[in-house]
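Colleague: no sequence for this one, just the structure:
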């Protein structure tokens, strides 16, 4: 016969085990956002549910669309469709599989969420690019609408609900409308997490620091022994790229010299999965911004003239800060390093903001 004390201890242990699972507060939100690798989650039916998910970054999805005039926004939706489809492996993409994928709930906990999805016919996936774009838009919209319907406190309107985000930046808040359309672009809205900078390759700070230090060391050798900290800073700004976010990582050896090299750098910095027309617009607008930063004497759209003019201005500014007797070890290289750093920063603006707002 089992002693009564053992039975009581076993019952208490069992009860304690049942209570170890933390139940969150309905409608609470957590996370900084997928852009930072920390997707926003919302407490729904006692579980933390992802409101956004990009999936694994597949470089095979970084391909130019067949539709040459596809918009900036739809180019991103098409790539997102590719990411999700490949992340699902052999499972077909539909509303249920998409909701399960984004939520990140274990299979045993998906029942409530999936049971709340619309039962009316939804857009089926297709073979053409336009069909794939419409399908992924439809799945995402219906998933978000379901989350807003079932996860926010019943006595609070989802469209006006604002909550502090724990674990994020101090004071950061997230309003539920951001779950739907975070950015209104010229050709339709896109969610906050879906931006060109979703081409992420996360690297730890231990990996970033050596890359940056090596880059700065190489450039400082070519700058030489000069007293101007401003010039040295401008020359090494090229090194302050974002290797933890970008598929494209420029090395010191990539710094261009010839006009054709500059064509190559700009092509490299413009995402391949943009359509032909978007790439053309992005290139033109990057050149316009170069002209704004380095104003030419004559307004011209000639690529060589714009680049050569920018290099002449940089060279004059460099020489103006040198003290008597000082010389730059490799003047031509440093000019190109400064201009390449400027073009890189412009490309980030174009990707994150410019194309959305059509400048």
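Modeller: Nice, thanks for sending it over. Keep in mind the model is a prediction, meaning the values are calculated, not measured.

Colleague: which helix or strand contains residue 304?
Modeller: Per DSSP states H and E, residue 304 falls inside helix 303-320.

Colleague: could I get the average pLDDT for the following helix or strand past that helix?
Modeller: Counting by DSSP H and E, the next helix or strand C-terminal to helix 303-320 is helix 331-349. The average pLDDT within helix 331-349 is 90.

Colleague: who touches helix 331-349?
Modeller: With contact meaning Cβ atoms under 8 Å, 6 or more residues apart in numbering, helix 331-349 is reached by 197, 219, 222-223, 231, 234-238, 240-242, 250, 252, 254-257, 262, 265-266, 269-270, 286, 289-290, 293, 307, 310-311, 314-315, 318, 328. Bear in mind the C-beta positions are built from the backbone N, C-alpha and C, glycine included.

Colleague: now, those residues that are in helices?
Modeller: 219, 222-223, 231, 234-236, 262, 265-266, 269, 286, 289-290, 293, 307, 310-311, 314-315, 318 (DSSP state H).

Colleague: filter the contacts of helix 331-349 down to the buried ones.
Modeller: By neighbour count, with 16 or more other Cβ atoms under 10 Å, the contacts of helix 331-349 hold 219, 222-223, 231, 234-238, 241, 250, 252, 255-256, 262, 265-266, 269-270, 286, 289-290, 307, 310-311, 314-315, 318, 328 as buried.

Colleague: those helices in the stretch 1-150 of the chain, which residues are they?
Modeller: With DSSP state H, counting those that start in this stretch as the criterion, the stretch 1-150 of the chain has helices at 4-18, 72-87, 95-103, 111-115, 129-151.

Colleague: which parts of stretch 277-291 count as buried, going by neighbours?
Modeller: Using 16+ other Cβ under 10 Å as the test for burial, stretch 277-291 gives 277, 278, 279, 281, 282, 283, 285, 286, 287, 289, 290, 291.

Colleague: would you list the phi and psi of the fifth one?
Modeller: Dihedral angles phi and psi of residue 282 (degrees, to the nearest 10) take the values phi -60, psi -40.

Colleague: circling back to that earlier point, what's the angle from the helix holding residue 304 to helix 331-349?
Modeller: Orientation check (axes from the mean of the first three to the mean of the last three Cα atoms, to 10 degrees): helix 303-320 against helix 331-349 gives 120 degrees.

Colleague: give me the helices and strands touching helix 303-320, please.
Modeller: When contacts are defined as 3 or more Cβ pairs under 8 Å, 6 or more residues apart in numbering; DSSP states H and E, helix 303-320 packs onto helix 259-269, helix 276-293, helix 331-349.

Colleague: so which of these gets nearest residue 135?
Modeller: Set against residue 135 and scored by Cβ to Cβ, the helices and strands packed on helix 303-320 come closest in helix 276-293, at 21.0 Å.

Colleague: now the closest one: mean pLDDT?
Modeller: Rounded mean pLDDT across helix 276-293 is 92.

Colleague: low-confidence stretches in the stretch 201-350 of the chain?
Modeller: Applying pLDDT under 70 to the stretch 201-350 of the chain flags the ranges 201-210, 241-250.

Colleague: rerun at 90
Modeller: Residue ranges of the stretch 201-350 of the chain with pLDDT under 90: 201-218, 236-255, 265-272, 285, 324-325, 341, 344-350.

Colleague: among the helices of the stretch 1-150 of the chain, which comes closest to residue 66?
Modeller: Using Cβ to Cβ, those put helix 129-151 closest to residue 66, at 6.0 Å.

Colleague: show me what counts as buried in the closest one.
Modeller: Residues 129, 132-140, 142-144, 146-148, 150-151 are the ones in helix 129-151 that count as buried (16+ other Cβ under 10 Å).

Colleague: now for it, which elements pack on it?
Modeller: Short answer (3+ Cβ pairs under 8 Å, 6+ apart): helix 129-151 packs on strand 41-44, helix 72-87, helix 95-103.

Colleague: by how many degrees do it and helix 95-103 diverge?
Modeller: 70 degrees.

Colleague: could you check the angle helix 129-151 makes with helix 72-87?
Modeller: Using the same axes, to 10 degrees: helix 129-151 against helix 72-87 is 80 degrees.
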